[in-house]
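In: predicted model and sequence follow; I will ask about them next.
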Amino acid sequence: MSHDSFLSRLHPQIAQPPQVAAPEPLSRESLLADLTPPQSQAVLCTEGPLLVLAAAGSGKTRVITRRIAYLVSCGVPAWSILALTFTNKAAGEMRERVYHLIGSAEQRPVRGLTITTFHSLCARLLRRYAVPAGLKPDFTIYDTSDQTALCKKVIEGLQLSTSNFPARSVLSAISNAKNDLLDAEAFAQQVFDFSGKQIAKIYASYTKALRSANAVDFDDLLLLMAKVLKIDESVREECRRRWQYLLVDEYQDTNHAQFLIASLIAGEGDKAAKGDGAKAAGPNFCVVGDPDQAIYGWRGADISNILEFEEHYPGAKVITLGENFRSTAPILAVADGLIRHNKRRKHKDLFTSRKGGEKVEAVLCRDERHEAQLVADWLKAQSQASAEDEHEGIPWREMAVFYRTNSLSRVMEESLRGASIPYTIARGTAFYEREEVKTALAYLRVVANQADGVSLARIVNTPTRGIGGTSLDRVEVFAAPQGLTLFEAMQRAGEVPGLTPRATSAMNKFVEMVNGWTGGGTFLGAQVSHTLPELVDRIVKESGLEAMYKAQAQTSKTQTDEERLDNLAELVSSARQFELEYDISADPGSDAPFVPEAAATTAPATPPLLALLRAYLESVALVADADAVDPAQGSVTLMTLHAAKGLEFKAVAMIGLEEGLLPHSRAIGAPTDADMEEERRLCFVGITRAMRRLHMTAAKYRTIRGMSERTIPSRFLGEVPAGHMVVCDQSDTFGDVAGAQWGESGGEAESYTPAGKTALGSPRRHSTPLPGLAGEFPVGSQVRHPQFGVGTVKSVESGTNARAVIAFRDAGTKTLVLEYARLTRV
DNA sequence: AGAGGCAATTTTTTT
DNA sequence: AATTGCCTCT
């Protein structure tokens, strides 16, 4: 993949210059032309609170984009519209579609239109309102590994054992607290047991450490913004004045903090009603979501936000979009049959007017390698045109493989590579998690924010410059009582007691180097880089990072060191790309006028390079895995079920449908069935991504952490209506033979005998049929065979190798081995 | 100081 | 299987 496309995909939240000029006029008629009545209603109902319950595949994105375009066509200034999504990708896509609808010849109508993620909006607003939030505008956003490092340090600092209080689990407790808007103090009052009290202590100390590093974690972005909006009336008023129209997508996945932020910005509905004098029933607050697709309960999403929307906004209108335009009838029936098993659910009919469609396939495989092989074969079969099936052959980019956990991707990758099927893994963060990239970014973070202790610790001796742990400890002992940051103390290295002359001069040199990049903190002056890519390039070179990897590449001649150099070069071009695309007027956190119509009063106070660097680091910190999904690449997409939300593919394979995996083991032992229901929704989300073909697999044995374990097929396979499924047990066959079956278009399931089986003399085990396929085909019953079509059972034998004589309507009478003929009852 | 080796631990999903 | 932390050796 080219650098440019890779990088631009990672920064999709940046305002892209509108690309295609759509000549169509922005008339009400053209905006509503191909919408169903409920869809048009959702577009036209612009005033007051509105809840859109949009079932999977019901054209939700279409409605949202038309709605925004319609608002603009009615003369609503684009800058007063705020649309919030969950991923940058969703935001970027929405923005592009709105631009397309509005017609991009003139950029004016979309100026200041804010379509972004909650986290990104909060990060930007927190720069604008840093002071009321108790921050400085150049704060760093800590990712999970930074958080863990800091938390560990804090736990050690409190003289607690890191084995009694593992940073990871402490952080998850803190995260839960933050999602419920509990700060350390409030958390302490909620907690009575010993360990809870200790965690409260850690929480308080961790917060202090974050602030003194001028850093926030992901949850802080929401927590602090919610707090500022709640406490500071002037901030609240400024936001309300600007954003008159608020729209939240995937509302079922908002947590308490997000609800508060959205509702505080939306206000109470005292907004200017339309000229006709009709009183608004509340704020112009439109939320769109589907309770059946709520899959983020574990990170604090509160499904009652959507269920209780009408109670919060009694004047709210509710519109239901129920008709599915995406999937075939069998896929929809399977999805519906599954989700019906959730008890805590408002029933909602899924329906489509489409007819026909292939049945959903479920295959039991031998192990994960076999599974990966079968899936590769299946994908290949889908890509080939098949005359008898009237199927056109699906391009790679219209296919996807979903799995519950990331660890399942590896085997799949190997098999796709072996089959020469092009694929892309949706892991947007992967590039930024590389060792060398992380280090280079840590340099940039220190340049932007010298209080950032975690990043400083990372770079101070990489490459090695003679500043080891002992010397750093001494500096820290010197810094702590005076309340100095590590960097400030290093600037006064000469005063630190016990420091060797060698260490002192090494530190002076280091400080000098950083000051050279920042122009002594001014970011101004002739010797300071003028552009962001220049700065990144300079840092990579002057820090000695490049030299270090070059030296390693020379001596060890490993490929990874070459790759590392490439990655550093790629980072520079990522900065170049960012600088090209960054639109400061679309950044509510910038010094630009908040309400674009207002006259610019003061000149920007932030040096342009620093502003750019901040925005760049922020965009890097907020990249999501789903952001890396790129349909333009001609490849199959591999991703987690969570990342798949909001997408659609013509052909979808879901792997690992096993107890313990999907549903995940954590949900199986859970005290309530809430977790199990969320797993079921996750499976539902996966199924409903498929437009035409759906293939689900389970492996009988799976290697987990190097150990092969026997598995049980997922209960979800048993909950699905068998009439729309073709179930096939391949777990007793051998990989190459089974593989051939999908490859041949006319492969007859009952005709092949696993050649290896008798040759190797391995006894045939009687396999447990998948749940849902009881194996019952009584004489006289109607059955369906994938190749021969519908037929009537004339006679059956029982036992192993059971055969049945079936008279097919079109294909004549055949004797089939039940175990291999993929029969289903009609 | 710093690298390299061995042992212990790990069990999800993500902004 | 893979990462992390601790220990030893240079």
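Out: Noted; the coordinates are in hand. Quick caveat, the model's predicted, so the values are computed rather than measured. Residues are numbered from 1 along each chain as shown, chains lettered A, B, ... in the order given.
In: going forward, measure contacts between C-alpha atoms and count neighbours the same way
Out: Noted.
In: might you enumerate the residues of the stretch 651-800 of chain A proximal to DNA strand B?
Out: With CA under 7 Å from any atom of the strand as the criterion, the stretch 651-800 of chain A comes near DNA strand B at residues A:664, A:666-667, A:705.
In: separate out the buried members of these.
Out: Buried members of those, scored by 16 or more other CA atoms under 10 Å, are A:664, A:667.
In: any idea which of the residues of the stretch 651-800 of chain A next to DNA strand B is closest to residue A:693?
Out: Nearest to residue A:693 out of those is residue A:664 (CA to CA; 24.6 Å).
In: number of nearby residues for the closest residue to the closest one other than its chain neighbours?
Out: Distances taken as CA to CA, 6 or more residues apart in numbering place residue A:679 nearest to residue A:664, at 7.2 Å, with adjacent residues excluded. Residue A:679 has 23 neighbours, counted by other CA atoms under 10 Å.
In: same thing with residue A:156?
Out: 14.
In: what of the one 3 residues further on?
Out: The criterion is other CA under 10 Å. On that basis, residue A:159 has 9 neighbouring residues.
In: and the strands in the stretch 551-700 of chain A?
Out: A:636-640, A:649-654, A:690-699 (DSSP state E, counting those that start in this stretch).
In: which other helices and strands does the shortest one contact?
Out: Right, the one you point to is strand A:636-640. On a contact count with 3 or more CA pairs under 8 Å, 6 or more residues apart in numbering; DSSP states H and E, strand A:636-640 meets strand A:399-403, strand A:423-425.
In: the same query, at a cut-off of 10 Å, please.
Out: strand A:399-403, helix A:409-418, strand A:423-425, strand A:649-654 (3 or more CA pairs under 10 Å, 6 or more residues apart in numbering; DSSP states H and E).
In: so what strands line up beside it?
Out: strand A:399-403 (parallel), strand A:423-425 (parallel) (DSSP bridges).
In: name the next helix or strand downstream of the last one, please.
Out: The helix or strand immediately downstream of strand A:423-425 is helix A:435-448, counting by DSSP states H and E.
In: mind giving me the packing neighbours of the helix or strand that that next one is followed by?
Out: The C-terminal neighbour of helix A:435-448 among helices and strands, as given by DSSP H and E, is helix A:453-459. Applying 3+ CA pairs under 10 Å, 6+ apart, one finds that helix A:453-459 contacts strand A:140-142, helix A:144-157, helix A:194-212, helix A:435-448, helix A:486-491.
In: and after helix A:453-459, which helix or strand comes next?
Out: Beyond helix A:453-459 toward the C-terminal end (DSSP H and E), the next one is helix A:469-479.
In: just the CA trace of that following helix, in PDB.
Out: Provided in PDB are the C-alpha atoms of helix A:469-479 (Å, rounded to 0.1, in the frame of the first residue of the first chain):
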ATOM      1  CA  GLY A 469      18.600   4.600  36.000                       C
ATOM      2  CA  THR A 470      20.900   5.600  38.900                       C
ATOM      3  CA  SER A 471      21.400   9.100  37.600                       C
ATOM      4  CA  LEU A 472      17.700   9.500  36.800                       C
ATOM      5  CA  ASP A 473      16.800   8.400  40.300                       C
ATOM      6  CA  ARG A 474      19.100  11.100  41.700                       C
ATOM      7  CA  VAL A 475      17.500  13.700  39.500                       C
ATOM      8  CA  GLU A 476      14.100  12.600  40.700                       C
ATOM      9  CA  VAL A 477      15.100  12.700  44.300                       C
ATOM     10  CA  PHE A 478      16.200  16.300  43.700                       C
ATOM     11  CA  ALA A 479      13.100  17.200  41.700                       C
END
